[in-house]
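S.K.: Need the 3D shape of this:
(chains A and B)
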Amino acid sequence: EAGVTQFPSHSVIEKGQTVTLRCDPISGHDNLYWYRRVMGKEIKFLLHFVKESKQDESGMPNNRFLAERTGGTYSTLKVQPAELEDSGVYFCASSHDPVDTSTDTQYFGPGTRLTVL
Amino acid sequence: AQSVTQLGSHVSVSEGALVLLRCNYSSSVPPYLFWYVQYPNQGLQLLLKYTSAATLVKGINGFEAEFKKSETSFHLTKPSAHMSDAAEYFCAVSRPTGANSKLTFGKGITLSVRP
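M.R.: Numbers count the residues shown, from 1 in each chain, chains lettered A, B, ... in the order given. Now for the predicted structure:
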């Protein structure tokens, strides 16, 4: 069974440009999460989808970030326009249980390393 | 609000020595607790989790952790380190409510294993 995949693995862009990150969860997983790790800091929650609906987006830093999950399968996270402080590693995770999500194991992808120059 | 403290950023042990990685949490409600490991160029992998059953939790690769409410701790241990254990380890906490499942992570700690 394929794990969580993320594309691209690395992205280097200039300040003001737009970048779109993609996450493909494990097949059949209704829950999809985005997290971010800024260098030297802890991994922080961004948002949580249940199927195509946003369950919790309390961690989204500002309106330059837009996450979508059309059709409840893969998800994209767009940053527009990118700022220097957006640099970091963006992780995606998925889990199966749509009811008791708090005990369900979240499976993480390898992350996308975003560098904004 | 919940938080996790992992003191220090780096631990070095000799191969065969005890591994002890500390994690303390703060939570207003009984928490669920997790340890994840990240090997180079890979995603985070769950080592073990505490979800209010037995307080001593056994995980993969010989790791275990004990939930101690009185100490608000969930330290990770392994009796004998292997070279393959070198990685970054993250402690995380979540709230035990069905739909509120976001993980709050500590800063992570890098384990080095000396031959």
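
S.K.: Quickly note the distance from the spatially closest residue to residue A:14 that is not a sequence neighbour to residue A:89.
M.R.: Spatially, and ignoring its direct neighbours in sequence, residue A:14 is nearest to residue A:117 (5.3 Å; C-beta to C-beta, 6 or more residues apart in numbering or on different chains). Backbone N, C-alpha and C define where each C-beta goes, glycine included. Using C-beta to C-beta, to the nearest Å, one obtains 16 Å as the distance from residue A:117 to residue A:89.

S.K.: and what of residue A:96?
M.R.: Note on residue A:96: its distance to residue A:89, by C-beta to C-beta, is 24 Å.

S.K.: now swap in residue B:48 and tell me
M.R.: 23 Å.

S.K.: pLDDT below threshold where in the chain?
M.R.: Answering for chain A, as no chain was given. Across chain A, the ranges flagged by pLDDT under 70 are A:1, A:98-103.

S.K.: my bad, the chain I had in mind was chain B
M.R.: Residue ranges of chain B with pLDDT under 70: B:96-100.

S.K.: And the helices in it, which stretches?
M.R.: Using DSSP state H, no helices are found in chain B.

S.K.: Now do the contacts for the residue most central in space within chain B.
M.R.: The residue lying closest to the centre of chain B (C-alpha atoms, centre = their mean) is residue B:35, at 3.2 Å. Residues near residue B:35 by C-beta atoms under 8 Å, 6 or more residues apart in numbering or on different chains: B:21, B:23, B:46-49, B:59, B:63, B:65, B:74, B:76, B:89-92.

S.K.: Now do the spatially closest residue to it that is not a sequence neighbour against chain A, distance only.
M.R.: Sequence neighbours aside, residue B:47 is the residue nearest to residue B:35 in space, at 4.3 Å (criterion: C-beta to C-beta, 6+ apart). Distance of residue B:47 to chain A, computed by C-beta to the nearest C-beta, to the nearest Å: 11 Å.

S.K.: from memory residue B:47 sits against residue B:78, does it?
M.R.: No. Contact criterion C-beta atoms under 8 Å: residue B:47 and residue B:78 do not qualify, at 9.7 Å.
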